[in-house]
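*Asks:* what shape does this take:
(one chain, ligands or ions: 1)
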Amino acid sequence: MKRIALVNFVPPLDVANYLGYSQGLGFISAVLKELNHQTVLFNIDNVNDAESLGAAREFDAVFVYLATTGYPLFSHAMNHYWKNRVPVFAGGPHAIALPEELAMEDGVTGVCVGEGELTAAAIADYLENGRSLSGVPNLYYQEDGVLHKNETGCIVDNLDWLPFPDRSFFPYHEVLSTKASKLVGMEFMATRGCKYGCRFCLNPRLLQLQGKRMIRRRSVDSIVNEVHLATAMFDYKGVIGFHDDIFTLDFEWLCEFQETFKKKINRPFWCNVHISDIDEQIIKVLRQAGCYRVLVGIECGNARMRKKALGKHLSNEEILYKISLLKQQHIKIVATFMIGLPDETETHLKESVDFCRAIAPDWILLSSLFPFPGTRLYTQLVAENRLAADFYRQLDSKTFYSARLVYDQGAISNETLQYYFRNFRKMAGVL
Ligand code: B12
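*Replies:* Okay, here's the model as predicted:
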């Protein structure tokens with residue numbers, strides 16, 4: 001039996017005002033527990049969290065979920081607490097994006113390039129039985145300064161084979177009493193993968209690693225049973241959310257979900273939709289299932305820029321039409337917008353504000369663009385010498401959540417970006 005510290009570097013809680021449940025670490029924990037190992041979760045949001053960083057060091061290994069935003073904290077933890085004192089394995093989006101750089105960092109024992117359930121189980125076996133790391137699927141690691149790349153693209157074909165993600169270690173009672181978390185609610189995921197190739201998203205990288213079979217959906221019974229058990233476990237009565245990149249990809253599945261979810265769970269939920277994958281019929285079924293809110297990616301008001309910079313092929317007319325269909329079914333709309341896109345001028349920003357006003361969503365999720373490693377946008381901007389390949393090493397964790405240009409944007413100043421970041425909602429007339 002090995003004791004594994006699972007570490008999630010979460011967004012600064014005073015800025016995000018929300019603690020997300022990492023389903024990735026939840027799945028890994030469940031798999032490890034099935035193999036009789038012990039796990040403890042540490043949610044760490046700032047460098048002063050010395051107690052947790054020190055406590056994690058006392059385990060047989062540290063497993064880190066690493067988003068690029070967590071890199072500053074990861075670096076601090078390595079330098080001050082973990083390096084050469086405990087085996088450290090990293091996975092998650094940053095590991096998927098830049099596995100070679102990460103695996104070669106001093107003190108990193110191994111990097112998971114892709115899905116982690118099979119990898120985590122094999123690492124635990126390595127720790128317990130002293131096996132070689134060469135047999136661990138999806139793992140990059142270094143030995144005496146030489147990078148070893150094991151086979152990647154190893155995924156669980158049928159997601160129903162996995163145990164339900166472990167939620168026992170997540171402080172739900174505390175979390176779900178805060179305002180932001182009440183809105184997000186208890187989070188689930190029925191699908192892995194996405195069919196689109198947006199230039200700002202990591203999914204194309206996963207598609208490259210895992211191929212077309214990366215898109216997998218759990219059976220309706222599996223996801224509904226999980227919702228049933230998880231809500232019962234915490235006696236939870238609030239909102240439920242589905243983080244699937246796109247919840248409505250398969251109409252037949254959706255119809256079956258509607259029937260079973262209504263019958264067995266019958267409570268309001270939110271999910272992510274894509275404008276291209278909804279129509280009148282789909283929206284009706286979604287509503288009948290209990291969907292009261294959707295998150296929909298609009299990103300900007302200029303269709304040409306949406307297509308060229310972001311790889312999203314949507315006309316403004318189609319967006320407005322689909323939004324009107326959602327409104328007819330009384331589904332609330334959270335629209336995501338991004339500002340600070342490459343070569344975006346102030347005129348484009350005004351177009352985004354005007355388009356947002358035309359959509360009139362119930363809420364906006366506004367971010368300034370970060371060209372995250374692993375995305376096509378990152379590759380392009382690095383190739384054009386507009387972005388330092390290692391820009392993430394120069395930032396502190398709060399910068400990721402502020403509006404600041406980290407690359408040569410080409411058209412607007414930081415002041416303009418920040419002005420729009422602060423005033424976008426007011427200008428668009430949305431709360
Ligand atoms: C849910 C979600 C969130 C949630 C919870 C995040 C979390 N900690 O899980 C919330 C809302 C908090 C969130 C916030 C943000 N998110 Co987010 N989010 C997602 C989303 C939609 C799903 C994540 C998920 O549950 N996946 C399913 C699980 C099963 O996969 P997984 O988490 O990757 O874990 C697996 C593997 O990575 C691996 N693994 C992970 N850790 C480890 C560790 C070890 C040791 C091993 C062996 C394996 C391993 O095994 C796991 C099981 O297979 C993804 C997109 C996506 N489809 O993945 C974006 C995504 C992760 N988010 C992204 C971003 C940009 C953000 C934000 C910066 C947004 C913002 N502007 O605020 C913040 C930053 C979050 C942070 N931690 O700092 C990017 C990350 C890009 C990057 N390079 O880091 C993604 C990839 C989306 C994208 N557009 O590309 N997010």
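*Asks:* touching, Lys398 and Pro12? I think so.
*Replies:* Yes. If you go by CB atoms under 8 Å, Lys398 and Pro12 touch, sitting 5.6 Å apart. No exception for glycine: its C-beta is placed from N, CA and C like everyone else's.
*Asks:* which residues are contacting the strand or helix carrying His173?
*Replies:* Using DSSP states H and E, His173 sits within helix 172-175. Contact partners of helix 172-175, identified using CB atoms under 8 Å, 6 or more residues apart in numbering, comprise 19, 21, 181, 186, 234, 236.
*Asks:* buried residues, that helix. List them.
*Replies:* Using 16 or more other CB atoms under 10 Å as the test for burial, helix 172-175 gives 172, 175.
*Asks:* helix or strand next in line after it, which one?
*Replies:* Note on helix 172-175: by DSSP H and E, the next helix or strand toward the C-terminus is helix 179-184.
*Asks:* state the mean pLDDT of that following helix.
*Replies:* Averaged across helix 179-184, the pLDDT comes to 81.
*Asks:* so which of the contacts of helix 172-175 is the closest to Lys2?
*Replies:* Using CB to CB, Tyr21 comes nearest to Lys2 of those, at 23.5 Å.
*Asks:* right, and that closest one touches Arg167 too?
*Replies:* Yes. At 7.0 Å, Tyr21 and Arg167 qualify as touching, with contact defined as CB under 8 Å.
*Asks:* these two: who's more crowded?
*Replies:* Tyr21 (24 against 20; other CB atoms under 10 Å).
*Asks:* helix, strand or coil for Gly410?
*Replies:* coil (DSSP: H, G, I helix; E, B strand; the rest coil).
*Asks:* swap that for Glu115, sorry
*Replies:* Three-state call for Glu115 (three-state DSSP): coil.
*Asks:* correct me if wrong: it contacts Gly153.
*Replies:* No. Taking contacts as CB under 8 Å, Glu115 lies outside contact range of Gly153: 9.2 Å.
*Asks:* these two: who's more crowded?
*Replies:* The residue with more neighbours, out of Glu115 and Gly153, is Glu115; 26 against 16, by other CB under 10 Å.
*Asks:* that one: what's it in contact with?
*Replies:* Neighbour list for Glu115: 138, 154-156, 192, 210 [criterion: CB under 8 Å, 6+ apart].
*Asks:* which among the contacts of helix 172-175 gets closest to Tyr292?
*Replies:* Each of the contacts of helix 172-175 was checked against Tyr292 using CB to CB; the closest is Met186, at 14.7 Å.
*Asks:* partner residues bridging the closest one?
*Replies:* Residues in a beta bridge with Met186, per DSSP bridges, are Ile240.
*Asks:* so how far is the ligand from it?
*Replies:* For Met186, the distance to the ligand equals 12 Å [CB to the nearest ligand atom, to the nearest Å].
*Asks:* pretty sure that residue contacts His243?
*Replies:* No. At 11.0 Å, Met186 does not count as touching His243 under the criterion of CB under 8 Å.
*Asks:* about what we covered before: give the residues shared as contacts by Glu115 and Gly153.
*Replies:* 138, 210.
*Asks:* thinking again about what came up before, among the contacts of Glu115, which ones are in helices?
*Replies:* Helix and strand membership here follows DSSP state H; of the contacts of Glu115, those in helices are Gln210.
*Asks:* which one of the contacts of Glu115 has the most neighbours?
*Replies:* Asn138 (28 neighbours).
*Asks:* list the contacts of Glu187.
*Replies:* So Glu187 contacts 20-21, 23, 241-243 (CB under 8 Å, 6+ apart).
*Asks:* low-scoring stretches of the stretch 301-431 of the chain, by residue?
*Replies:* Nowhere does the stretch 301-431 of the chain drop to pLDDT under 70.
*Asks:* now the two most distant members of the contacts of Glu187.
*Replies:* Gly20 and Phe242 (13.8 Å).
*Asks:* and those two? Which one has more around it.
*Replies:* Phe242 (19 against 16).
*Asks:* state the pLDDT value of Val175.
*Replies:* In this model, Val175 carries a pLDDT of 82.
*Asks:* reformat the contacts of Glu115 as a markdown table; add distance to Phe337 and pLDDT.
*Replies:* A markdown table is the format used below for the contacts of Glu115 (distance: CB to CB, whole Å; pLDDT from 0 to 100):
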| residue | distance to Phe337 | pLDDT |
| --- | --- | --- |
| Asn138 | 34 | 96 |
| Cys154 | 37 | 93 |
| Ile155 | 33 | 92 |
| Val156 | 35 | 93 |
| Arg192 | 26 | 95 |
| Gln210 | 30 | 84 |
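*Asks:* looking at the contacts of Glu115, spot the one nearest the ligand.
*Replies:* Taking CB to the nearest ligand atom as the measure, the ligand lies nearest Arg192 of the contacts of Glu115, at 6.2 Å.
*Asks:* Arg216 is in contact with that closest one, correct?
*Replies:* Yes. Between Arg192 and Arg216 there is a contact under CB under 8 Å: 5.2 Å.
*Asks:* on contacts alone, who are the packing partners of the helix or strand where Ile96 lies?
*Replies:* Element membership for Ile96 (DSSP H and E) is helix 93-97. If you count contacts as 3 or more CB pairs under 8 Å, 6 or more residues apart in numbering; DSSP states H and E, helix 93-97 packs onto strand 108-112, helix 203-210.
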